[in-house]
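In: just a sequence and a predicted model for now, questions to come.
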Amino acid sequence: MSGLLGWLRGHGRHPAREPDAAPAAPPPAPAAFVPVARADELPPGARKLVRVAGHAVLVLNIDGTLYAVPNACPHRGWPLSEAREAAGVLKCARHGWEFDVPSGRSTWPPFGYRLRHLPLRVADGVVEVAWVEPEIELAH
């Protein structure tokens with residue numbers, strides 16, 4: 001064969017000559033839980049702004065279930081602690097974006113951004129939250 005195709009076939013990498021794959025990254029360290037409140041301080045409908053690992057976090061009790069979310073609207077970063085909550089939906093005070101807290105989905109507009117839930121647990125009546133960095137999903 002002649003031309004570029006012939007050259008590529010003759011000079012391309014052969015699978016046997018491929019360098020060894022890079023070692024797999026170690027698994028992430030487990031999240032460090034931080035006590036933020038007593039469970040009895042957060043009855044249904046309550047919310048509390050706390051700091052976890054240097055980040056502002058909003059803890060909410062929606063119909064008896066606790067949620068922890070970063071205190072920044074996914075749309076433009078406005079503090080969600082200023083948002084109105086009704087029937088489990090937070091409405092950002094700045095641009096009016098609405099997010100269903102239990103699912104994290106945007107309800108208005110119904111596309112785009114999502115609320116990010118942070119790990120939360122209750123141990124011996126104490127609410128604990130862990131900060132984890134968001135995972136980045138690569139486009140394909």
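Out: Yes, it's here.

In: helices and strands of this structure: which one bottoms out on pLDDT?
Out: helix 3-11 (a mean of 57; mean pLDDT, DSSP states H and E).

In: strands of the chain, residue ranges please.
Out: 33-38, 47-52, 55-62, 65-70, 84-86, 89-91, 98-100, 106-108, 120-123, 126-130 (DSSP state E).

In: please name the bridge partners of the residue nearest to residue 42 when sequence neighbours are not counted.
Out: Distances taken as CB to CB, 6 or more residues apart in numbering place residue 61 nearest to residue 42, at 4.6 Å, with adjacent residues excluded. Any C-beta I mention is one placed from the backbone N, CA and C, and that applies to glycine too. Bridge pairing for residue 61 (DSSP bridges) gives the partners residue 66.

In: for residue 31, see how far away residue 61 is.
Out: 21 Å (CB to CB, to the nearest Å).
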